[in-house]
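**Student:** got a sequence here, can you build the structure:
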Amino acid sequence: MTPPRNRRRRPRAATRGGPRRSLPLRFVLPSLVLVAVVTMLMLRGYVHSEILADHRVRGEAAADTVPEEVLEGGPVIDTRDGGRPTSLSVPDHSLVLTFDDGPDPTWTPRVLDVLKKHRAHAVFFVTGTMASRHPELVRRMVAEGHEVGLHTFNHPDLSYQSKRRIDWELSQNQLALVGSAGIRSSLFRPPYSSFADAMDDASWPVTQYVGTRGYLTVVNNTDSEDWRRPGVARIIRNATPKHGEGAIVLMHDSGGDRSQTVRALDTFLPRMQDEGYRFQNLTEALDAPSANTPVTGVELWKGKAWVGMVQASDDLTDGLVVALAVIGVLVFTRFGLMLVLSGAHAHRVRRKGFRWGPQPVTEPVSVLVPAYNEAKCIENTVRSLMTSEHPIEIVVIDDGSGDGTARIVEDMRLPNVRVVRQLNAGKPAALNRGVANARHDLIVMMDGDTVFEPSTVRELVQPFADPRVGAVAGNAKVGNKDSMIGAWQHIEYVMGFNLDRRMYDVLGCMPTIPGAVGAFRRTALERVGGMSDDTLAEDTDITMALHRDGWRVVYSENARAWTEAPETVQQLWSQRYRWSYGTMQAIWKHRRAVVDRGPSGRFGRVGLPLVSLFMVVAPLLAPLIDVFLLYGLVFGPTGKTVTAWLGVLAVQAVCAAYAFRLDREKMTHLISLPLQQILYRQLMYVVLLQSWITALTGGRLRWQKLRRTGVVEAAPGAVPQQQSAGTTAGDRGAVR
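**Tutor:** A predicted model of the protein is given here:
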């Protein structure tokens with residue numbers, strides 16, 4: 001597809017001292033979307049312990065500095081007053097069940113159900129990561145009368161951490177608790193803790209410091225060892241205290257399969273109740289005020305905002321995973337269709353004796369060349385047409401050029417070349433003016449920066465031997481492919497455009513006749529009203545209109561044209577921005593085809609969905625592959641991530657190699673394919689995102705003229721037109 005040219009407007013020069021132009025919304029919004037997505041992914045990584053997580057666990061150490069009363073005392077350690085520590089134990093026949101590492105969406109509800117069934121209370125030491133992700137379970141714990149304590153945010157071994165990190169773990173854990181249930185807690189259990197007599201010189205300073213921050217440290221004196229999954233009977237035996245003593249029992253409601261824990265509870269609770277035990281919260285057992293206090297005001301809203309952001313980050317990630325699955329299906333479906341159907345197309349048109357009709361097309365053709373400020377290219381374009389093997393007339397429509405384009409063509413004084421001048425009105429108007437001035441019924445349209453091979457016109461019009469054919473798409477190729485950005489576009493043209501056209505030809509829903517090389521029946525153009533300026537992609541618009549009118553649109557692989565592709569990122573951006581936005585406009589303009597009958601309905605229910613999926617949705621989602629690659633490299637399983645990405649790249653390389661083989665192109669340019677996938681795809685993504693934003697915000701685009709250099713002087717294999725520095729327009733009058 002070539003860059004459509006609607007009415008040109010010169011940008012107004014900025015006046016000195018005048019107001020500065022604000023950054024357009026279509027530039028601001030993509031940046032904000034990018035920042036928001038990156039922020040949410042980072043937040044998701046943090047909450048899922050993929051960022052800033054520390055999984056080190058310290059081994060046993062000496063206990064020289066731990067007070068004797070702590071080592072021999074109870075499981076509740078109070079160091080809040082800064083003096084001698086106090087150890088507390090629960091009374092006889094009181095059991096405080098404690099559950100660590102939750103809440104878990106699978107096992108915590110089942111634990112709560114069993115507790116509710118037997119009217120028992122417990123203490124849940126929740127991590128901030130899990131509480132932030134499952135706030136409804138924390139609310140249920142509080143609503144059903146259980147006590148909630150802190151178990152840090154990311155579950156690190158605090159003996160390795162600085163005081164600043166300890167404060168962070170506690171404050172973030174509290175923030176998650178406030179946002180989940182609107183409460184604060186003064187109960188704290190260190191990760192990887194055990195009995196009081198296991199306190200050592202590494203963990204004791206943490207307990208002392210946590211006490212200065214207002215927390216009561218709770219370990220345990222009865223370990224069910226349910227984390228080992230030893231069986232229901234063993235869990236019950238481990239959790240049962242001796243001789244009617246009170247106990248704080250360690251269990252888990254998260255961290256793996258807790259089915260044994262749930263079954264053990266359902267037996268353990270009624271058995272111990274029958275023996276006279278009460279299952280209480282810790283503060284109930286100690287006859288102390290509740291450790292959970294309500295929070296109001298700003299702190300409450302900060303907590304709610306935090307939980308809301310965590311939920312949004314999880315939802316966004318889930319959405320991105322779904323989108324990644326969608327793009328995976330789309331990419332592999334498209335590749336599969338391209339490989340199969342393009343092969344079928346090549347086999348059909350290359351078989352011996354293939355003809356489009358009973359007789360070859362030999363009638364003369366009118367070639368229309370719309371031109372706006374093409375002084376650097378127009379001579380090369382016209383001279384390439386003069387070598388045509390098919391009888392043609394050339395009509396150059398000068399659309400109000402200010403660089404002498406029309407004069408250059410007139411000074412060439414070539415036979416069968418006419419110049420039609422008009423005031424600047426845009427490319428569709430120029431083409432319609434050319435059709436009105438054309439003498440023949442078969443009309444070829446090309447761009448002023450494109451050169452044809454001698455056989456291009458002949459090959460392009462042969463499909464018109466079939467009276468059902470209304471238009472023919474040629475094989476547009478990049479002429480300036482020696483630069484990196486040119487090589488990337490060369491890959492895109494061969495693989496993305498021409499392989500696509502073979503596929504769409506077989507499916508009967510070709511979306512675009514490229515402006516660089518396309519042919520039309522005059523009758524077909526007249527029936528659909530000619531070229532329209534309703535969209536910024538008049539070539540896509542006219543192609544869809546022809547389909548809806550019942551005409552066949554086919555692809556001629558041997559009708560090659562060499563066009564000058566943009567040579568800078570800015571020019572490429574401008575071109576593809578208009579293509580993307582124009583394609584969206586064309587899809588929207590012809591949306592009623594989906595409910596039409598006849599040829600229009602067939603195109604609407606086959607062509608429009610394919611074009612929407614493969615040309616709009618897939619390119620918009622494709623960078624997710626790279627987003628997850630980057631995320632996986634930094635936070636995820638690096639090996640699997642790289643393997644998956646290389647697998648996708650391998651599939652693309654196979655398709656690209658097949659496309660190059662079909663087009664008889666050298667494979668050397670595919671060396672830059674990996675870099676193209678990393679960089680070029682991101683550019684196309686931002687362009688498409690900007691097009692979406694422009695469409696949704698009702699923005700309007702002005703025409704932006706691409707700066708031509710005239711580097712494509714002749715088709716490959718032809719003798720290039722050498723121009724010396726002293727050549728003048730008058731000297732170019734003779735055909736060389």
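**Student:** Thr293 and Ile183 touch, don't they?
**Tutor:** Yes. Counting by CB atoms under 8 Å, Thr293 does reach Ile183; the two are 6.3 Å apart. Heads up, the C-betas are built off the backbone N, CA and C, glycines and all.
**Student:** which one of the two has more residues nearby?
**Tutor:** In this view Thr293 and Ile183 are compared by other CB atoms under 10 Å, and Ile183 has more residues nearby, 22 against 11.
**Student:** and the more buried one, backbone torsions?
**Tutor:** Per-residue torsions, Ile183: phi -130, psi 160 (degrees, to the nearest 10).
**Student:** now do the SS call for Arg557.
**Tutor:** Not Arg; residue 557 is Glu. When the structure is reduced to helix, strand and coil (DSSP: H, G, I helix; E, B strand; the rest coil), Glu557 reads as strand.
**Student:** now it: how far from Met445?
**Tutor:** Computed as CB to CB, to the nearest Å, the Glu557 to Met445 distance reads 18 Å.
**Student:** what segments of the stretch 301-450 of the chain are helices?
**Tutor:** Using DSSP state H, counting those that start in this stretch, the helices of the stretch 301-450 of the chain run over 378-386, 405-412, 427-437.
**Student:** need the ones you listed in TSV with distance to Ser672, mean neighbour count and mean pLDDT, can you?
**Tutor:** Converted to TSV, the helices of the stretch 301-450 of the chain look like this (distance: least, CB to CB, whole Å; neighbours: other CB atoms under 10 Å; pLDDT from 0 to 100):
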stretch	distance to Ser672	mean neighbour count	mean pLDDT
helix 378-386	26	23	94
helix 405-412	34	20	94
helix 427-437	31	21	95
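**Student:** in a markdown table: those helices, plus distance to Ala233.
**Tutor:** Supplementary listing: the helices of the stretch 301-450 of the chain in a markdown table, determined by distance: least, CB to CB, whole Å:
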| stretch | distance to Ala233 |
| --- | --- |
| helix 378-386 | 89 |
| helix 405-412 | 93 |
| helix 427-437 | 83 |
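**Student:** closest one to Glu284 among those helices?
**Tutor:** With respect to Glu284, and counting by CB to CB, the nearest of those is helix 427-437 at 81.2 Å.
**Student:** before we move on, back to that, between Glu557 and Met445, which is the more surrounded one?
**Tutor:** Taking other CB under 10 Å, Glu557 and Met445 do not tie; Met445 has more neighbours (28 against 21).
**Student:** who does that one form a beta bridge with?
**Tutor:** With DSSP bridges applied, the residues forming beta bridges to Met445 are Leu368, Gly518.
**Student:** list the contacts for it?
**Tutor:** The neighbours of Met445, taking CB atoms under 8 Å, 6 or more residues apart in numbering as the test, are Val367, Leu368, Pro370, Leu431, Gly434, Ile513, Gly515, Gly518, Ala519, Phe520.
**Student:** where's it relative to Lys481, distance?
**Tutor:** From Met445 over to Lys481 the distance is 23 Å, taken as CB to CB.
**Student:** what of Gln571?
**Tutor:** 15 Å.
**Student:** neighbour count: these two, which is higher?
**Tutor:** In this view Gln571 and Lys481 are compared by other CB under 10 Å, and Lys481 has more residues nearby, 21 against 18.
**Student:** residues contacting that one?
**Tutor:** Residues in contact with Lys481, defined by CB under 8 Å, 6+ apart, are Ala487, Gln489, His490, Ala565, His669.
**Student:** which of those residues sit farthest apart?
**Tutor:** The most widely separated members of the contacts of Lys481, counting by CB to CB, are Ala565 and His669 (12.9 Å).
**Student:** what touches both of those two?
**Tutor:** Here Ala565 and His669 share the contacting residues Lys481, His490, scored by CB under 8 Å, 6+ apart.
**Student:** the more surrounded of those two?
**Tutor:** The residue with more neighbours, out of Ala565 and His669 and counting by other CB under 10 Å, is Ala565; that gives 27 against 20.
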